[in-house]
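In: Dropping the sequence and predicted coords here.
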Amino acid sequence: MPYIVKIMPNDHTTHSTNRLVVALAYDGLCTFEFGVAVEVFGLARPEMGEDWYRFAVAGIDEGEMRATGGVRFVANGGLELIEQAGTIIVPGWRGMDEPVPAALCAALRRAHDQGARLLSICSGVFVLAAAGLLDGRQATTHWRYTDALTARFPAIEVLPDVLYVDGGSLLTSAGSAAGIDLCLHLIRRDFGTKAANMVARRLVVPPHRDGGQAQFIDKAVPENHEKARLGPVLDAMRAELTRPYTVETLSRMAGMSSRTFLRRFEAATGTTPAKWLLLQRLSKAKDLLETSRLGMDAIAQNTGLGTAANLRHHFRQHFSTTPAAYREGFGTQAVAYV
């Protein structure tokens, strides 16, 4: 399953240079999601230079507010901070059945019209949806909420099997931890791969996380002996991405019939062997585009994608960009040839 729908290259001419990140706070605050925003954007990081983000908290309710876990707090500003922000984070919401204040919706619409980027984590998508900002766009949320989001906001194309969606100025993530993935992606957009990797290392999380929500929706292999049989097959495929694989070959490796293998593979991964293998090949291709000087033909051959034309085709289909544009945005090595 794809973990990102659209990749935006690191082009400082195409996004705001306003580095003020404002996280919303509200009565009933989702503590973990808010903590993600603080950890990624709110900590002092002098090693990242003077152009790093600034951070503020906008309380949408007056006075003392409550957070999950018995915490009470007062924010350092109100809705007026939204007007000053270059990026606004909606860290969850107090309940998908809870109404979103009209004043907040209006403030978010004005901010978006003025060029601010809006990012939601988990149930925070319901705030952006209530403001009408996601109509006609793709978005995601936690798998528990995707059906409700689709039913209540039919103008949104809800993508249930991704970790996050980058729609340029509107970004949405799946469950709480997927907010970390999306925040790191935004850093990668703004400052490049090296900066995102440095922050990921501080957080002790991977800078890229493969897969989609399907792998978390009751998709684990149900029995230990099946794990033992499918695990080595997955490892072998990752280790030799250039090999041609057939269902018959893979099922023999797993010691299963082809029909049983396909059923249990999908139960374990949420997808088919062909789609899973393609994702692994594309993931490796991204790594090579970021870190190597190999040309497109060599990358295609080293990842099992065959030709540069095939690499470009699948890159456009899965990531809405080209390998060359991805390398220009995220590459850390000078390119010898393309």
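Out: Thanks, I have the structure now. Numbering: from 1, shown residues only.

In: So which bits of stretch 46-61 are buried?
Out: Within stretch 46-61, the residues scored as buried using 16 or more other CB atoms under 10 Å are 52-53, 55-61. Glycine gets a C-beta too; all of them are placed from N, C-alpha and C.

In: Closest to A75 out of those residues?
Out: Lowest distance from A75 to the buried residues of stretch 46-61 (CB to CB) belongs to G59, with 2.9 Å.

In: who does that closest one bridge with?
Out: A25 (DSSP bridges).

In: from memory it sits against A23, does it?
Out: No - with contact defined as CB atoms under 8 Å, G59 does not reach A23; the gap is 10.1 Å.

In: Rebuild the buried residues of stretch 46-61 as a markdown table, extending it with distance to A151 and pLDDT.
Out: Formatted as a markdown table, these follow (distance: CB to CB, whole Å; pLDDT from 0 to 100):
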| residue | distance to A151 | pLDDT |
| --- | --- | --- |
| W52 | 41 | 94 |
| Y53 | 36 | 95 |
| F55 | 35 | 96 |
| A56 | 35 | 96 |
| V57 | 32 | 96 |
| A58 | 30 | 96 |
| G59 | 30 | 95 |
| I60 | 25 | 94 |
| D61 | 27 | 93 |
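
In: ok, of the residues you listed, which one's closest to L134?
Out: Closest to L134, out of all of those and judged by CB to CB, is I60, at 18.9 Å.

In: Identify the residues contacting that closest one.
Out: 24-26, 78-79, 101, 103-104 (CB atoms under 8 Å, 6 or more residues apart in numbering).

In: Check A148 too.
Out: Contact partners of A148, counting by CB under 8 Å, 6+ apart, are M96.

In: how about it, secondary structure?
Out: Three-state call for A148 (DSSP: H, G, I helix; E, B strand; the rest coil): helix.

In: what do you get for I187?
Out: From three-state DSSP, the assignment for I187 is helix.

In: That one: neighbour count?
Out: 24 (other CB atoms under 10 Å).

In: measure it to I88 for me?
Out: Using CB to CB, to the nearest Å, one obtains 16 Å as the distance from I187 to I88.

In: now swap in R293 and tell me
Out: Distance, R293 to I88, using CB to CB: 38 Å.

In: ok, now A44?
Out: Taken as CB to CB, the span from A44 to I88 is 21 Å.

In: When the two are compared, which one has more neighbours?
Out: For A44 versus I88, the count of surrounding residues by other CB under 10 Å is larger for I88: 24 against 8.

In: Tell me where the longest helix sits in the protein.
Out: Longest helix in the chain by number of residues (criterion: DSSP state H): helix 273-291.

In: So what's the gap between that helix and the chain middle?
Out: 16 Å (CA atoms, centre = their mean, to the nearest Å).

In: Can you point out the buried residues in it?
Out: For helix 273-291, a neighbour-count test (16+ other CB under 10 Å) marks 273, 276-286, 288-290 as buried.

In: Look up how far F261 lies from L282.
Out: Look at L282 and F261: by CB to CB, they are 23 Å apart.

In: Tell me the secondary structure of the closest residue in space to A130 that isn't next to it in sequence, please.
Out: Closest residue in space to A130, ignoring its immediate chain neighbours: V100 at 3.9 Å, by CB to CB, 6 or more residues apart in numbering. What three-state DSSP gives for V100 is coil.

In: again with V21
Out: strand.

In: Following the chain past the least confident helix or strand in the chain by mean pLDDT, name the next helix or strand.
Out: Between all helices and strands in the chain, the lowest mean by mean pLDDT, DSSP states H and E belongs to helix 224-239, at a mean of 78. Sequence-wise, the next helix or strand downstream of helix 224-239 (DSSP states H and E) is helix 247-254.

In: And that following helix, what does it pack against?
Out: Counting contacts by 3 or more CB pairs under 8 Å, 6 or more residues apart in numbering; DSSP states H and E, helix 247-254 is packed against helix 224-239, helix 258-269.

In: contact partners of it?
Out: With CB under 8 Å, 6+ apart as the criterion, helix 247-254 contacts 229-230, 232-233, 236-237, 257-258, 260-262, 264-265, 273.

In: between those, which is closest to F191?
Out: Using CB to CB, M237 is the member of those that lies nearest F191, at 33.4 Å.

In: How about the contacts made by R94?
Out: R94 neighbours (CB under 8 Å, 6+ apart): 26-30.

In: Closest to V36 out of the residues you listed?
Out: Nearest member of the contacts of R94 to V36, counting by CB to CB, is C30, at 9.6 Å.

In: what's around the closest residue to the closest one other than its chain neighbours, how many residues?
Out: Counting by CB to CB, 6+ apart, C30 lies nearest to G92, which is 3.1 Å off, once chain neighbours are set aside. Counted with other CB under 10 Å, residues neighbouring G92 total 28.

In: now P91
Out: Neighbours around P91, by other CB under 10 Å: 28.

In: For it, give its distance to N302.
Out: 40 Å.
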